[in-house]
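>>> Quick one, structure for this:
(2 chains)
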Amino acid sequence: MMDGTPKPAAASTVISASALNLTFETNDGPVHALRDVNLEVGKGDFVSFIGPSGCGKTTFLRVMADLEQPTSGTVLVNGVTPEEARKARAYGYVFQAAGLYPWRTIGGNIRLPLEIMGYDKRVQAERVKEVLALVDLAGFEKKYPWQLSGGMQQRASIARALAFEADILLMDEPFGALDEIVRDHLNEQLLALWARTQKTICFVTHSIPEAVYLSTKIVVMSPRPGRITDVIESTLPRERPLDIRDTPEFLEIAHRVREGLRAGHAYD
Amino acid sequence: MRAVVPVLTVVAVIVAIWYAAAVWLNAPWARDMAARQDRELGAAELVVDTWSQDKPKLPAPHQVVTELWETTVEKSVTSKRSLVYHAWVTLSATLAGFGLGTALGFALAVGIVYIRVMDMSVMPWVIASQTIPILAIAPMIIVVLNAVGVSGLLPKAVISMYLSFFPVVVGMVKGLRSPSAMQLDQMRTWNATSAQEFVKLRLPSSMPYLFASLKIAMAASLVGAIVGELPTGAVAGLGARLLAGSYYGQTIQIWSALFMAAAVAAAMVGLIGVLQRVTLRRMGLDR
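Presented below is the predicted three-dimensional model:
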């Protein structure tokens, strides 16, 4: 289904998917990872994808990132195909695991994409300093990944995705492996970072509070076949202290997400 | 330092067994000689005799040590009777073969990882190459290379290479493939070239595998160089010492050459171990 309120095809649309299908051929027959997915993501949106495992939320993110090819339908990222967008380095991708190289320092890890993209040495150093400050890791440049906690490592990996100034941040359950307390803290920091950088963020999660707390738009998905069952525009203000999670407004949105998830499960 | 006591204990046990075995194996000869001279040997005489024969079936440890001392320390290293000289002859072929084998193994591994056709076709041949007894193929290599005018160090190095490239191929294929799907996807999101992916991800990831392979390859190289000296009637090298020793029943010479080979192998493998520790520590992979 289309984004709730049909907008004119504005220049502010960053990602648009229409009639998107993706089928994996497996030994047990075809698996419909995505069926008839339509979505528009506007500039500066924080979009969460939520659903049980197998609902295609990660697959959808990977299609946007040109890591997976759709069977049919189209996706446009910044108005071009995902492949062109990837080659233009239009997005930063944060994986479930931090995936820092153990043989590089934190600074070295953040420099890695910059080296690959051929940034000037001086610019590299500047960018590293900048993004480390952005994720609150200033002073950790010379440390090795194993000297950092899991939460800090994940922040470093976010810094790495921010380093080359892509406008879009694709995040695949980046806090999934962290405990609740650290996760709360990182969610708060992520919102602050989003407010400061004005990036468009696509965020995959399986936590309802996380999705509601972070997002301007929540995409509820369900499995077999993977599809979108609801798109919820958040009515929460952009400024969100952690205790907003106790407000009736928050609980109402969370309730609607839960309903959407339940509806998706009803007929399988 | 706490390892010293157990190690010494084990060495002491081995030496004791060795002395006992020397008595047992050399006694028949001692008794035969005594019988020919119409003498009876007392127990003490028997033991002394079995530990000091010229061509014993099993030389006693001190005989080997004496031989080693005389042929290393007491001979000038340029002398044809110096074990150091022979060890160097073998070692130079070993190192040349090790270098060639490592280069070949590395190149094959890169090919197997990056070229699909090679992935499908090369590995079975690599494995088949190692099922052929090296003793069977070594004379062929030497004859063929001699026919095209190559002799001296290179044929031996080629045989070394033949044995040593294998562990490098196997280890490096595994090492270059050790990055996770996630790490490779990540490279893709940065639109990295294959060369960048290789240099910045695959190669560093493969380092622990590389060093494990190099240790095995070094030992295999030494075996290859020694084997390469056997069929040629080589006049120099540890293999030549072994061969000459067996022609003339010089068991002490054989044993001392064996110990020299073991010492050379241990030194070389130990050197790679040091290199490994330094490299992995600098890479932060050794904790």
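
>>> What pLDDT does the model give the residue of chain A found nearest chain B?
Residue of chain A nearest chain B, by Cβ to the nearest Cβ: residue A:103 (3.8 Å). Where C-beta positions appear, they are placed from N, C-alpha and C, glycine not excepted. Listed pLDDT for residue A:103 reads 91.

>>> residues touching it, list them.
Residue A:103 sits next to B:204, B:283-285 when contact means Cβ atoms under 8 Å, 6 or more residues apart in numbering or on different chains.

>>> Report the separation between it and residue B:114.
22 Å (Cβ to Cβ, to the nearest Å).

>>> Also residue A:79?
In this view, residue A:79 and residue B:114 are 34 Å apart by Cβ to Cβ.

>>> Keeping just the C-alphas, turn the helix or strand hosting residue A:83 into CSV.
Residue A:83 belongs to helix A:82-87 when assigned by DSSP states H and E. Presented in CSV, the C-alpha positions along helix A:82-87 are these (Å, rounded to 0.1, in the frame of the first residue of the first chain):
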residue,chain,number,x,y,z
PRO,A,82,20.0,1.3,-6.0
GLU,A,83,23.1,0.3,-8.0
GLU,A,84,23.8,3.8,-9.1
ALA,A,85,23.1,5.1,-5.6
ARG,A,86,25.5,2.6,-4.2
LYS,A,87,28.2,3.6,-6.7
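
>>> So what's the gap between that helix and the chain middle?
How far helix A:82-87 lies from its chain's middle: 17 Å, per Cα atoms, centre = their mean, to the nearest Å.

>>> next one: stretch A:80-97
Put simply, stretch A:80-97 sits 11 Å off its chain's centre (Cα atoms, centre = their mean).

>>> And it, what's buried?
Across stretch A:80-97, burial judged by 16 or more other Cβ atoms under 10 Å in any protein chain shown covers A:82, A:85-86, A:89-97.

>>> Over to stretch B:104-121?
Judged by neighbour count using 16+ other Cβ under 10 Å, the buried positions of stretch B:104-121 are B:104-106, B:108-110, B:112-113.

>>> from these, which are also near chain A?
Taking Cβ under 8 Å from any Cβ of the partner chain as the test, chain A is in contact with none of these.

>>> measure residue A:98 to residue A:160 for me?
According to Cβ to Cβ, residue A:98 and residue A:160 sit 9 Å apart.

>>> Please apply the same query to residue A:52.
29 Å.

>>> and residue A:151, how far is that from residue A:160?
To residue A:160, residue A:151 is 15 Å away according to Cβ to Cβ.

>>> And for residue B:136?
With Cβ to Cβ as the criterion, residue B:136 and residue A:160 are 55 Å apart.

>>> what's the answer for residue A:254, then?
Distance, residue A:254 to residue A:160, by Cβ to Cβ: 31 Å.

>>> more neighbours, these two?
Between residue A:254 and residue A:160, residue A:160 has the larger neighbour count (other Cβ atoms under 10 Å in any protein chain shown), namely 28 against 18.

>>> wait, what's in contact with that one?
With contacts defined as Cβ under 8 Å, 6+ apart, residue A:160 is in contact with A:92, A:100, A:109-110, A:112-113, A:131.

>>> Pull out the buried residues from the helix or strand where it lies.
Taking DSSP H and E as the criterion, residue A:160 maps to helix A:150-162. Buried positions in helix A:150-162, judged by neighbour count with 16+ other Cβ under 10 Å: A:151-162.
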